[in-house]
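Q: Structure here, sequence nowhere to be found:
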């Protein structure tokens, strides 16, 4: 992983991101398991008052701390897009889990420079777990729970733990490829949203393959996974891009990539 750009305000960026994650946690927690209602957006995904309130709070912190940076969020779009630096935020990744009282959702905060993720935070407000990834540095895991931010050595698909958020995120062109990978893997587990990527960074999961993903779904995950020794690409093994095809592949062991790609890509067409 290459270094940060010259002149990158590392400390100011990290402080702003951590402050935003703290504020988001304080906003989200009071809504958890309190019967929050949701409505469906145009893409049929649910959104709650907690999502919107948390995103507003995150935006306020980031714009105050680093006013020259752009901000893109799932709920309120892009502002300040002329800057090469852009925050990308998802206040509650895993709204369905949040709505059903499962602590596998998370707040995602990323900073990109010319569309390359430099910083990523996964914050789980209920368990108090927080993963902090910064390009070129080792991932940090802040939690009272056990775990060390280091992926597992596993270059054999047949011994790999595979995960995906839900079957419905696999569209028709990509489902055969996922099924081929699932047939080759040791086990497949469902659920987890961003939390599963945190677990991959802790060496608990080996492969995550998903599609129909937006930039706010994956931008924060890249520095976390790669700073723990893993690899993130699209299903063809190429770097993730804002205008990519929506496929996301996370590997704890980069040695898995050739075999996993061969299983996924021919079927994906």
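A: Yes, it's here. Computed from a predicted structure; not experimentally measured.
Q: Can you name the residues in contact with stretch 250-262?
A: 151-155, 157, 160, 181, 184, 197, 200, 203, 205-209, 221, 225, 229-233, 235-237, 249 (CB atoms under 8 Å, 6 or more residues apart in numbering). Just so you know, the C-beta spots here come from the backbone N, C-alpha and C atoms, and that holds for glycine as well.
Q: In three-state terms, how would residue 149 be classified?
A: With DSSP: H, G, I helix; E, B strand; the rest coil as the basis, residue 149 sits in coil.
Q: Count the residues that sit near it.
A: Neighbourhood size, residue 149 [other CB atoms under 10 Å]: 21.
Q: Could I get the pLDDT score of it?
A: pLDDT, residue 149: 98.
Q: For it, give me its contacts.
A: Residue 149 neighbours (CB under 8 Å, 6+ apart): 131, 138-141, 201-202, 224, 227-228.
Q: where's it relative to residue 97, distance?
A: Separation of residue 149 from residue 97 (CB to CB, to the nearest Å): 22 Å.
Q: just to revisit the earlier point, pull out the buried residues from the contacts of stretch 250-262.
A: For those, a burial check counting by 16 or more other CB atoms under 10 Å picks out 151-152, 154-155, 157, 160, 181, 184, 197, 200, 203, 205-209, 221, 225, 229-233, 235, 237, 249.
Q: Give the burial count for residue 81, as a bare number.
A: Each residue near residue 81 was counted by other CB under 10 Å, and the total is 10.
Q: Skip the chain neighbours and tell me the closest residue to it.
A: residue 70 (5.0 Å; CB to CB, 6 or more residues apart in numbering).
Q: Report the contact partners of that neighbour.
A: Contacts of residue 70 (CB under 8 Å, 6+ apart): 78-83, 85-87.
Q: same thing with residue 248?
A: Residue 248 touches 208-211, 213, 217-218, 221, 232, 234-235, 240, counting by CB under 8 Å, 6+ apart.
Q: Tell me the spacing between it and residue 28.
A: 24 Å.
Q: At which residues are the helices of the protein located?
A: Remark: helices assigned in the chain by DSSP state H are 10-28, 49-65, 95-99, 175-184, 193-201, 215-218, 221-227, 257-268.
Q: which stretches of the stretch 151-269 of the chain aren't confidently modelled?
A: 266-269 (pLDDT under 70).
Q: Next, count neighbours for residue 109.
A: 28.
Q: Which strand residues bridge it?
A: Taking DSSP bridges as the rule, residue 109 bridges to residue 89, residue 121.
Q: can you start the count at 37 instead of 1 from here on
A: With the count now opening at 37, the last piece we talked about shows up as residue 145.
Q: correct me, but it touches residue 55?
A: No - here residue 145 does not reach residue 55: they are 10.1 Å apart, not a contact under CB atoms under 8 Å.
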